[in-house]
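**Q** Mind looking at a prediction? Sequence and model below.
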Amino acid sequence: MPSPSLSRTARCLARSARCPVARQTTPNSCPRSYHSYDHPPPPGPFGRVDGSILAAAFEHVPEHGFSRRAIGLGARDAGYPDISASVLPDGRFGLIHYHLVTQRESLARKSQELLGDGSLASVDDRVAALTWERLMGNKHIIHRWQEALAIMAQPSYLPKSLAELAALSDDIWFLAGDKAVDPSWYAKRAALAMVYSSCELFMTNDRSPSFLETRQFLHRRLRDVESVGGSMASVGRWAGFTLSAGINVLRSKGVPI
């Protein structure tokens, strides 16, 4: 049975605020005492050049979407010729992947401030707060997120998309203080991944002030998690329904998937 864990980078970031030695350790050099999955994750997914281009390109996403135009502008802003955009191995998905990874890693840093005062006593309350914080990481580009979801659903990108969703779910439970190592470990993470993905989709159509309806939707779905109770069959049925419903919504919006 795997132990609850945090991705290597996020574990280091979460620990750095508490440990003077950890503050001197870079995420990529942090020793890994345990991990969630069968194989350790590779070192950081973005090289120096790719990272600088993607960081600059993301500033253009609100206007140009997850497009080669945004990447080209980012390359120029980062001091590289526009042709540099073509060397990014995953093209437009690279820009989406950059957002997923950086938002997940920033959640570990924010968790110290979010949970540090001890006002959220239960693991469930902390999971809700962390999940909402991550959803708010999409608010500035939410009008472009259906486009991102369509790209992520493409067969060539789906494995990386699902792996990043699994890592996010694992990080949230770990940061919330979940220590369970029984069979519910799998079910809770699978269920939270489905909750998060359904909330992301819901949020793309939410026009309520401060995304109030999305927050209410999140809390309703999290209450459903409590009733899953570790039944992998139930999680599997729920996952299939959520994925099917999400694809149907995207198709209804004219997204070609």
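**A** Alright, I've got the coordinates.
**Q** Let me see the mean pLDDT of the strand or helix carrying Trp173.
**A** Using DSSP states H and E, Trp173 falls within helix 158-175. Average pLDDT, helix 158-175: 94.
**Q** any low-confidence regions in the stretch 1-150 of the chain?
**A** 1-44, 82, 84-85 (pLDDT under 70).
**Q** change it to 90
**A** Scanning the stretch 1-150 of the chain for pLDDT under 90 picks out the ranges 1-50, 80-91, 108, 112-124.
**Q** for it, what spans make up the helices?
**A** Along the stretch 1-150 of the chain, the segments classed as helices by DSSP state H, counting those that start in this stretch run 8-16, 48-58, 61-64, 68-77, 91-115, 123-136, 145-152.
**Q** List the buried residues for the fourth one?
**A** Across helix 68-77, burial judged by 16 or more other CB atoms under 10 Å covers 68-76. In short, each C-beta sits where N, CA and C put it, glycine included.
**Q** circling back to that earlier point, the helix holding Trp173 packs against which elements?
**A** helix 8-16, helix 91-115, helix 123-136, helix 184-203 (3 or more CB pairs under 8 Å, 6 or more residues apart in numbering; DSSP states H and E).
**Q** need those in CSV with mean neighbour count and distance to Ser161, can you?
**A** Below are those laid out as CSV (neighbours: other CB atoms under 10 Å; distance: least, CB to CB, whole Å):
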stretch, mean neighbour count, distance to Ser161
helix 8-16, 21, 18
helix 91-115, 20, 8
helix 123-136, 19, 15
helix 184-203, 21, 10
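**Q** mind checking which of those helices is nearest His143?
**A** helix 184-203 (10.5 Å; CB to CB).
**Q** That closest one: what's the following helix or strand?
**A** Downstream of helix 184-203 (by DSSP H and E), the next one is helix 212-228.
**Q** count of residues packed around the residue lying closest to Val101 once chain neighbours are set aside?
**A** Excluding its sequence neighbours, the residue lying closest to Val101 (CB to CB, 6 or more residues apart in numbering) is Pro45, at 6.1 Å. Per other CB atoms under 10 Å, the neighbour tally for Pro45 reads 16.
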